[in-house]
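**Student:** no sequence on hand, only this structure:
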């Protein structure tokens, strides 16, 4: 979880005086977790909040609309994965402590997943997407994505700013210090350098 807290039902919280509990519950079923799509070179990521039973249908639609092949959960799960797996999406649990940097073991597994998922020298639109979530999509999940961006050649500030363009406040001070001192080894740089199209054409947040 990142700094600050919010709810998938944030819209209803602002209008709580005008909505009855029953109305709020019904509306919540149609509110999907906030998501941010990030594409750089051949890599495609979808950072989201953690879903719940009420918005699971819209969450799954968000995953399928973005061509998600893997869903990585870095927080304690509180929902069934059955409806997600039924859509052909593999769910991976790499839980680590809230507000902290990921252990080396998870970083290594994450980089290997990126290598397995993204194919070089093809139209990036044909590559699948990796979705990742923590509680609110502000701490652990953007931190993991930032590591992938840095391994592909982006600097610390570029990686963080790319994510914060959409997810304001992503990563707390401790996580930012970790990224600032992170020694990238260019593990994913080949996904950018060997792309026939200019990287900047496929760089940004949608």
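**Tutor:** Great, that's in hand. Because the structure is a prediction, the values reported are computed rather than measured.
**Student:** tally up the residues packed near residue 133, please.
**Tutor:** Residue 133 has 23 neighbouring residues, counting by other CB atoms under 10 Å. Bear in mind the C-beta positions are built from the backbone N, C-alpha and C, glycine included.
**Student:** looking at the chain, which helix is longest?
**Tutor:** Assignment by DSSP state H gives helix 104-117 as the longest helix of the chain.
**Student:** what lies in contact with that one?
**Tutor:** Helix 104-117 is contacted by residues 43, 69-70, 72, 74, 92, 94, 96, 102, 127-128, 130, 144, 147-148, 151, 187-188, 191 when judged by CB atoms under 8 Å, 6 or more residues apart in numbering.
**Student:** among these, which are located in strands?
**Tutor:** Judged by DSSP state E, strands contain the following of the contacts of helix 104-117: 43, 69-70, 72, 92, 130.
**Student:** find the residue at the geometric middle of the chain.
**Tutor:** By CA atoms, centre = their mean, the mean C-alpha position of the chain lies nearest to residue 47, the distance being 2.1 Å.
**Student:** in its sheet, which strands sit next to the host helix or strand of it, and in what direction?
**Tutor:** Per DSSP states H and E, residue 47 falls inside strand 43-48. Strand pairing for strand 43-48, using DSSP bridges, gives strand 35-40 (antiparallel), strand 129-133 (parallel).
**Student:** that older thread, tell me how far the residue nearest to the centre of the chain lies from residue 53.
**Tutor:** According to CB to CB, to the nearest Å, residue 47 stands 21 Å off from residue 53.
**Student:** sorry, back to before: ranking the ones in strands among the contacts of helix 104-117 by neighbours, who comes first?
**Tutor:** Going by other CB under 10 Å, residue 130 tops these with 26 neighbours.
**Student:** most widely separated two among the ones in strands among the contacts of helix 104-117?
**Tutor:** Greatest spacing in the ones in strands among the contacts of helix 104-117, by CB to CB: 43 and 92 (16.5 Å).
**Student:** buried ones in the longest helix of the chain?
**Tutor:** 106-107, 110-111, 113-114, 117 (16 or more other CB atoms under 10 Å).
**Student:** number of nearby residues for residue 166?
**Tutor:** Residue 166 - counted by other CB under 10 Å - has 18 other residues nearby.
**Student:** wouldn't it be in contact with residue 36 here?
**Tutor:** Yes. Judged on CB atoms under 8 Å, residue 166 makes contact with residue 36 at a distance of 4.1 Å.
**Student:** quick one, helices of the chain?
**Tutor:** Under DSSP H, the chain gives helices at 10-14, 21-28, 56-65, 82-85, 104-117, 140-151, 156-164, 173-181, 190-193.
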